[in-house]
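>>> got a structure for you, letters missing:
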């Protein structure tokens with residue numbers, strides 16, 4: 001069964017440097033996350049990594065959900 005997700009041809013892609021700047025983290029932090037299987041899904045164009053903006057947004061949304069599960073809002077009183 002093919003589980004490949006097809007993204008739009010018009011969905012812009014970012015370099016790892018652009019993504020690092022967007023997230024205000026170092027490129028090494030992104031490489032480290034990816035090596036642990038915890039970073040955004042990307043693809044290679046030759047030797048260069050690229051990240052679709054839609055994939056980055058989905059990854060950030062998953063991080064927010066996971067963080068909310070670990071740190072639920074406090075109840076008043």
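Everything's here; your move. Small disclaimer: the values here were computed from a predicted structure and weren't measured. Numbering: from 1, shown residues only.
>>> Endpoint to endpoint, stretch 24-39 covers what distance?
Separation of the first and last residues of stretch 24-39 by CA to CA, to the nearest Å is 15 Å.
>>> Give me the buried stretch members for stretch 36-53, please.
Residues of stretch 36-53 classed as buried: 39, 40, 42, 49, 50, 51, 52 (neighbour count, 16 or more other CB atoms under 10 Å). C-betas here are computed from N, CA, C, even on glycine.
>>> and the second one, that one's in a helix?
The reference is to residue 40. No. Counting by DSSP: H, G, I helix; E, B strand; the rest coil, residue 40 falls outside a helix, being coil.
>>> and the closest residue to it other than its chain neighbours, what does it touch?
In space, and not counting its chain neighbours, residue 40 is closest to residue 59: 4.0 Å by CB to CB, 6 or more residues apart in numbering. Taking CB atoms under 8 Å, 6 or more residues apart in numbering, we find residue 59 in contact with 39, 40, 41.
>>> Which pLDDT value goes with residue 59?
Residue 59 carries a pLDDT score of 96 in this model.
>>> That one sits in which helix or strand?
Here residue 59 sits within helix 53-70, counting by DSSP states H and E.
>>> measure the residue nearest the centre of the chain to residue 75 for me?
Centre of the chain computed as the mean C-alpha position; nearest residue by CA atoms, centre = their mean is residue 40, 2.7 Å away. Distance from residue 40 to residue 75, counting by CB to CB, to the nearest Å: 33 Å.
>>> just to revisit the earlier point, surely the residue nearest to the centre of the chain meets residue 53?
No. Between residue 40 and residue 53 there is no contact under CB atoms under 8 Å: 10.0 Å.
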